[in-house]
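>>> 3D model of this:
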Amino acid sequence: MATTSPEVALKGALVSAGRYKGWGFGLMAELLAAGMTGPVNSLDIGRLKLLDGPPHGLGQFYILMDPGIYRDDFADRFARVATAVAARDGVRIPGADRKALDVADALWASALTLAA
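Predicted coordinates:
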């Protein structure tokens with residue numbers, strides 16, 4: 001059931017965006033974030049907005065890639081897609097309005113070491 005009411009939405013379940021392909025991406029995220037790292041599955045997570053109680057035991061899985069290794073024109077190809085998405089009403093590239101993230105030098109060096 002579609003709704004614009006946050007109260008009604010919080011009483012229901014989240015529906016995957018993108019229909020069956022979105023569901024497939026959600027399943028992939030579930031397998032990586034919970035299956036590969038070992039915390040609870042999404043089916044077993046309690047309420048996330050509680051101010052007290054134990055930690056939720058959520059897992060996180062990161063894939064770090066340098067797209068320049070695969071294609072020299074990656075930035076141009078992505079910019080073309082992002083421009084097309086931005087031209088459509090009601091859609092956006094997630095995070096498009098955010099600034100770049102500053103990563104501490106030691107953390108970045110550790111990520112590069114692990115990636116090697």
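>>> how much space between Asp102 and Trp108?
10 Å (CB to CB, to the nearest Å). Heads up, the C-betas are built off the backbone N, CA and C, glycines and all.
>>> so for those two, which residue has more residues nearby?
Trp108 (11 against 7; other CB atoms under 10 Å).
>>> and the residue nearest the centre of the chain?
A centroid search over the chain (CA atoms, centre = their mean) returns Ala29, at 8.0 Å, as the residue closest to the centre.
>>> list of residues touching stretch 45-53?
56-58 (CB atoms under 8 Å, 6 or more residues apart in numbering).
>>> kindly apply the preceding question to stretch 69-85 instead.
Here stretch 69-85 has contacts from 67-68, 91-93, 96, using CB under 8 Å, 6+ apart.
>>> now with 10 Å, please.
With contacts defined as CB atoms under 10 Å, 6 or more residues apart in numbering, stretch 69-85 is touched by 65-68, 91-93, 96.
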